[in-house]
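A.B. asks: Requesting a structural model of the entry that follows:
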Amino acid sequence: SPHRLFDFLRGVRAFVCFGIVGILPAVCSQSSSAAVPTLSYFYPAGGQTGTTVAVTASYKVDVWPPQVWSEHPDLKVSPDKAKGKFNIVIGKAVPPGPHLIRIFDKSGASTPRAFVVSAAPSLVDKEPNNGFSTAQLIETLPVVINGKWDKGEDVDSFAIDLKKGQWLTATVDAYSLHSPTDPLLHLLNPDGVRVGFNHDRVENLDPRLAWRAEVDGRHVVQIASFVHPPKADVRFYGGGAAIYRLKLARGDAPTPLEPIGRDESNLPKATEEKEPNDATDKAQRVSPPLTLAGVVSKDGDADRYSFA
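C.D. replies: Here you go, the predicted model:
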């Protein structure tokens, strides 16, 4: 009868509604538990062409090991059995510069992070190296030091032997690697007196310092950082993702600044300033494009250059 049919349909509607209400929490629970992987950084943040580097990653993933994507076929990244560890094989065909890596699973893919390949040898900073007297000795240059500010107030120090007239070039990549830092560089002479300082370079917050040694002896490069974005309390920052790469080179002229993605192998040396070039009629003749390396040697000194 119509009444019995109505009762039947009302029962079906109640069953369907109950079923949907019962199923939805399970569906929502399953979808919310499957989080998309995240990847914050690798440490060390790079390595030399033709080597294998064991790195630790800051990551989140539901199931270990995740799958890994690398932008270069000869940059092979494989998860270790230990969670958070990866082995990165840098083939000789991988050009110097940053290369993107991401992890992924069935839930999605992480934001890609840069792993920087260099032609120069790489090493890792060794604690304790906070002060002038405990600076880590660097005997072979050029070199790239992969470092990390482990805790607040951390300062890493590196000792380099220079001869009078030699140039030391120190270049930092930290902010450019998504490290939440605003780094700074100090250079101390053999007496412990600060003779060089740099906080930012033109492109970003990462510093670069070039210095011509005034005396023979062991000089010390010190690197520290503030947190970025800045906070109200001003202090040296450390911990978490506070990683950096410090390239050190010495020679007869400063090493030209190369963007993080440029091949470093065939860069020309800087043209050195020649005095006297204080007056217009004594301007030093140069031919662009080039990098100039000069010194403002005394009060009132002006260096002038002419080109066609």
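
A.B. asks: residue boundaries of the helices in the stretch 1-150 of the chain?
C.D. replies: Assigned by DSSP state H, counting those that start in this stretch, the helices in the stretch 1-150 of the chain fall at 2-33.

A.B. asks: Show me the shaky parts of the stretch 151-300 of the chain.
C.D. replies: 256-269 (pLDDT under 70).

A.B. asks: Would you map the helices across it?
C.D. replies: For the stretch 151-300 of the chain, no helices are identified by DSSP H, counting those that start in this stretch.

A.B. asks: So which residues of it form strands?
C.D. replies: For the stretch 151-300 of the chain, the strands defined by DSSP state E, counting those that start in this stretch occupy 156-162, 167-173, 181-188, 194-198, 208-212, 217-227, 243-251, 271-272, 284-285, 292-293.

A.B. asks: Now do the first one: distance to the chain's middle.
C.D. replies: When you say that, I think you mean strand 156-162. 20 Å (C-alpha atoms, centre = their mean, to the nearest Å).

A.B. asks: Adjacent strands (with direction) for that strand?
C.D. replies: strand 136-137 (parallel), strand 217-227 (antiparallel) (DSSP bridges).

A.B. asks: now those as JSON lines including mean neighbour count and distance to Phe236?
C.D. replies: Backbone N, C-alpha and C define where each C-beta goes, glycine included. Below are the strands paired with strand 156-162 laid out as JSON lines (neighbours: other C-beta atoms under 10 Å; distance: least, C-beta to C-beta, whole Å):
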{"stretch": "strand 136-137", "mean neighbour count": "16", "distance to Phe236": "18"}
{"stretch": "strand 217-227", "mean neighbour count": "20", "distance to Phe236": "5"}
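
A.B. asks: ok, back up a step: Tyr43 is nearest to which of the strands of the stretch 151-300 of the chain?
C.D. replies: Closest approach to Tyr43 among the strands of the stretch 151-300 of the chain is made by strand 243-251 (5.3 Å; C-beta to C-beta).

A.B. asks: C-alpha coordinates for the closest one, PDB please?
C.D. replies: Provided in PDB are the C-alpha atoms of strand 243-251 (Å, rounded to 0.1, in the frame of the first residue of the first chain):
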ATOM      1  CA  ILE A 243      73.200  25.900   7.800                       C
ATOM      2  CA  TYR A 244      75.800  27.600   5.500                       C
ATOM      3  CA  ARG A 245      78.500  27.100   2.900                       C
ATOM      4  CA  LEU A 246      81.700  29.100   3.200                       C
ATOM      5  CA  LYS A 247      84.100  29.200   0.200                       C
ATOM      6  CA  LEU A 248      87.700  30.300   0.900                       C
ATOM      7  CA  ALA A 249      90.200  31.000  -1.800                       C
ATOM      8  CA  ARG A 250      93.600  32.800  -1.800                       C
ATOM      9  CA  GLY A 251      95.800  34.100  -4.600                       C
END
